[in-house]
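In: mind looking at a prediction? Sequence and model below.
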Amino acid sequence: QVQLVESGGDLVQAGGSLRLSCAVSGRGISSYHMGWFRQAPGKERDFVAAISGRGSRTVYADSVKGRFIISRDNAKNTVYLQMNSLKPEDTAVYYCATGARPYSTPDADPAQYDSWGQGTQVTVSS
């Protein structure tokens, strides 16, 4: 059974930075694209970023482009999300997810992911 555990969420002031981690067990992730999504209170879960299996391709939501960086360490079976220049509107629970099919391209569609973590809370104060 695949398990994903996110960590690194915290309360931070606007303009600050955080680094989220997602540790995966039960499946090697090197062949799968990985994604980060977020959900603010009362809103739907939104795509944030995704990365291909080898890390050569990345995709970002327009709202985070230029501020967030997704990366991965396949040897550690871990994916990261470096968040810089944080804004209050970035406040949300952040989830990581594994792609459903190996050797597929990183995707913003949550239906293309089959395993999800429990999430980590990021709160940005103004």
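Out: Looks like it arrived, so ask away. Note that this is a predicted model, so its numbers are computed, not measured.

In: point to the residue nearest the middle of the protein.
Out: Trp36 (2.2 Å; CA atoms, centre = their mean).

In: the closest residue in space to that one that isn't next to it in sequence: which element?
Out: The shortest distance from Trp36 to any non-neighbouring residue, by CB to CB, 6 or more residues apart in numbering, is to Val48 (4.3 Å). Where C-beta positions appear, they are placed from N, C-alpha and C, glycine not excepted. Using DSSP states H and E, Val48 sits in strand 45-51.

In: ok, that strand: who's next to it in the sheet?
Out: Note on strand 45-51: by DSSP bridges, its sheet partners are strand 34-39 (antiparallel), strand 58-60 (antiparallel).

In: could you point out which element follows the last one?
Out: Think strand 58-60. Following strand 58-60 toward the C-terminus (DSSP H and E): strand 68-73.

In: the helices in the chain, which residues?
Out: With DSSP state H, there are no helices along the chain.

In: picking up where we left off before, can I get the strand holding Val48 in CSV, CA atoms only?
Out: Output of strand 45-51 as CSV, limited to C-alpha atoms (Å, rounded to 0.1, in the frame of the first residue of the first chain):
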residue,chain,number,x,y,z
ARG,A,45,-8.6,21.4,-4.2
ASP,A,46,-6.4,23.3,-6.7
PHE,A,47,-3.3,22.2,-8.6
VAL,A,48,0.0,23.8,-7.5
ALA,A,49,2.9,22.0,-9.2
ALA,A,50,3.9,18.7,-10.8
ILE,A,51,7.2,17.1,-11.8
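
In: list the buried residues in it.
Out: Arg45, Phe47, Val48, Ala49, Ala50, Ile51 (16 or more other CB atoms under 10 Å).
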